[in-house]
Every structure is written in C-alpha cells, then in structure tokens.
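Visitor: can't give you the sequence, but here's the structure:
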C-alpha cells in the first residue's frame, strides 16, 4: 500500500461536474493498493496516519496529528502510484492491484480512518476526478507499507 499525504488548507473532488467531497484543513490522501495488500496493512496505515504529527503547534513545530487539530481527510484511490517508469516512455501499472482487490481495501482503509475519529470523505473509485487543493506548507509525505 502506498499513500501520498498532502496537508491542505482546503480540498475538493469533482466527478462529472458534481462535487463529491470537500474539506477545510486536513489531509488529501492519494492511496494506491498493491496486489499483496490486505486489511491488516490498511489498518496499520490508517492508524499511522491518524496519529502522524505533521500539523503545527503554537510554536509552528510539527507536533500535532490530524486528530489533534480537528482536521478532516479526503481519500482518493490512485493506482498510478504504482507506475513503473523504469523502461520505455510509457508507464506500466502491472504493480497495482486489480480493482476487485483494490476497491474493497480503499473502502476498508477509509472506514478505519473514520473509526479513528478522522472525518473522512472519498472520491469515486475508478472515476476521472478533478482534485483541487491548497497545499499547506507545502507538506507532502510518501508512505509505503
């Protein structure tokens, strides 16, 4: 499982002209699922993200978690995080999980993050999405599990 966390001031996801998700301060989580991923990995990642101290305290130090600051999250499934660009000029995506494995794991991850008191919204699995965000910092963290 691969996640790219972007700390944001605000973010939204639009699918076919309709806003499907919108948050203020928090995280946009781009989530890629690999073929060997399972619910245990999803749970470990959700727990790590819920408690990851990447938000500023009163002194501006990254000392607070998304839970501490009352932030929200948008989870966007993104198989392209598993792109292999080592050969040629066209990426290969054979390292990404097939949709029948990936979609339930994205859903499980989202539920696990919500269960950790992080209000969580999602994009639409497999859809073409317009993701708009104002990156705060910028702070971008890549996590592999």
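Guide: Cool, got the structure. None of the values given here were measured: they were computed from a predicted structure.
Visitor: ok, the residue sitting nearest the centre point of the chain to residue 123 distance?
Guide: By CA atoms, centre = their mean, the chain has its centre lying nearest to residue 29, at 1.7 Å. Note on residue 29: its distance to residue 123, by CB to CB, to the nearest Å, is 10 Å. From N, CA and C alone the C-beta is placed, and that goes for glycine too.
Visitor: shared neighbours, these two?
Guide: 74, 75, 76 (CB atoms under 8 Å, 6 or more residues apart in numbering).
Visitor: pull the contacting residues for residue 136.
Guide: The contact partners of residue 136, by CB under 8 Å, 6+ apart, come to 7, 8, 9, 25.
Visitor: between these, identify the one with the most neighbours.
Guide: Counting neighbours by other CB atoms under 10 Å, residue 8 comes out on top of the contacts of residue 136 with 25 neighbours.
Visitor: help me confirm that it comes into contact with residue 22.
Guide: No - counting by CB atoms under 8 Å, residue 8 stays clear of residue 22, with 11.1 Å between them.
Visitor: pull the contacting residues for the residue nearest to the centre of the chain.
Guide: Going by CB under 8 Å, 6+ apart, residue 29 touches 3, 4, 5, 6, 49, 73, 74, 75, 76, 113.
Visitor: and it, helix, strand or coil?
Guide: Secondary structure for residue 29, judged by DSSP: H, G, I helix; E, B strand; the rest coil, is strand.
Visitor: please tell me how far it sits from residue 118.
Guide: 10 Å.
Visitor: same check, this time on residue 88
Guide: As judged by CB to CB, residue 88 and residue 118 stand 39 Å apart.
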